[in-house]
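J.: no FASTA, just this:
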């Protein structure tokens, strides 16, 4: 596999207009400064200038990182991605309230998204466990605290929501990605996933659990899954990511004086991610692998493993967030690999936290903004040079 595959910006930005290229460059330039992101969040808190900030963000950050405010808003982007052999994963990026009505609404919206998949443009659906049940209830179950009679009834409702989503997904040939949550509630989610595997994953991986490689115990968890299910006729769907709650995890571990569940360094996390990938590739007859990564080295390694183990391209999925790492997504899809973009959407007020998480992530992850800036600049210069020769 060529080691400069992701350098091709012509393929990466093929469908972007000159305006979209310059807009992307300016956005990544701005969010490369953490102070500017902090000031923008502060300004947005003032309702007096809210109409102006709304217009500004809708035409910049929202355009860069989101599909729109509704499912219908996403249609053009879904079709555009499909024309490049890239699938979409619609993600309703609004944090719900912790009540039964909100949980049922999450289920209803998820079922509607599954049924919208008439053209097979989004073979996955995603939801957060805390979108269908209370955080503290998961915590009690994970901590093995005895539930009250009312809480037992509530927990049964949570389990029923999982089954309702998975039933509909199975009948529509759509796979379900269950997002990861904080470590202290994750064990209850892991147990739910394992029960769903036995029910839904006999012919293919319908249900996928998310493994966060920044946790020190996650490779061991994969080995435990292999040990538990290797003698059963099932497919273990695993979405592998680096992780999303590091600061919260470290702060809680320190406050409650228990061993930090997160790797001490990024290098350790990277090693865990790559080792976890290798372990699943070595046992690919059991694992169905979904790689959620913006890391070039990890994606190159995945291609190397696919080649070394003679694995069919359609056995593995690659995924990146919309608006980021197009040089990975589109160069992979151009070679016939399965690629899906996470396409967040939702009402403007609801997706503001998501937009600022993307901005903060790009400032926090070493080299993320500078890499995007370099790629956008490279393609702008390439096009300018090309047009100057016409």
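T.: Nice, I can see it. Remember, it's a predicted structure, so these values are computed and weren't measured experimentally. Numbers count the residues shown, from 1 in each chain.
J.: Please enumerate the strands of the stretch 1-150 of the chain.
T.: For the stretch 1-150 of the chain, the strands defined by DSSP state E, counting those that start in this stretch occupy 87-92, 124-127.
J.: Which per-residue confidence value corresponds to the nearest residue to residue 61 once chain neighbours are set aside?
T.: Computed as C-beta to C-beta, 6 or more residues apart in numbering, the closest residue to residue 61 that is not its neighbour in sequence is residue 355, at 4.6 Å. To be clear about C-beta, it is placed using only N, CA and C from the backbone, and glycine gets the same treatment. With respect to pLDDT, residue 355 scores 70.
J.: end-to-end on stretch 61-69?
T.: Using C-alpha to C-alpha, to the nearest Å, one end of stretch 61-69 lies 13 Å from the other.
J.: err, stretch 289-297, not the other one
T.: Using C-alpha to C-alpha, one end of stretch 289-297 lies 17 Å from the other.
J.: what is the rounded mean pLDDT of it?
T.: The model assigns stretch 289-297 a mean pLDDT of 96.
J.: Touching it from outside, list them.
T.: 6, 124, 177, 208, 210, 237-242, 270, 273-274, 277, 280-281, 298-299, 302, 315-321, 324-325, 328, 368 (C-beta atoms under 8 Å, 6 or more residues apart in numbering).
J.: Separate out the buried members of these.
T.: Buried members of the contacts of stretch 289-297, scored by 16 or more other C-beta atoms under 10 Å, are 6, 124, 177, 208, 210, 237-242, 270, 273-274, 277, 280-281, 298-299, 302, 316-321, 324-325, 328, 368.
J.: List the residues that contact residue 193.
T.: Contacts of residue 193 (C-beta under 8 Å, 6+ apart): 178, 207, 209.
J.: Which pLDDT value goes with the residue lying closest to residue 132 once chain neighbours are set aside?
T.: Among residues not flanking residue 132 along the chain, residue 161 sits closest, at 4.2 Å (C-beta to C-beta, 6+ apart). pLDDT for residue 161: 98.
J.: Can you name the next helix or strand after the helix or strand hosting residue 161?
T.: Assigned by DSSP states H and E, residue 161 falls within helix 149-171. Following helix 149-171 in sequence order, the next helix or strand is strand 175-178 (DSSP H and E).
J.: Next secondary structure after that following strand?
T.: Downstream of strand 175-178, the first helix or strand assigned by DSSP H and E is helix 183-200.
J.: Tell me which strands the helix or strand following that next one pairs with, and in which orientation.
T.: Tracing the chain past helix 183-200, the next element assigned as helix or strand by DSSP H and E is strand 207-212. Its sheet considered, strand 207-212 pairs with strand 175-178 (parallel), strand 236-241 (parallel) by DSSP bridges.
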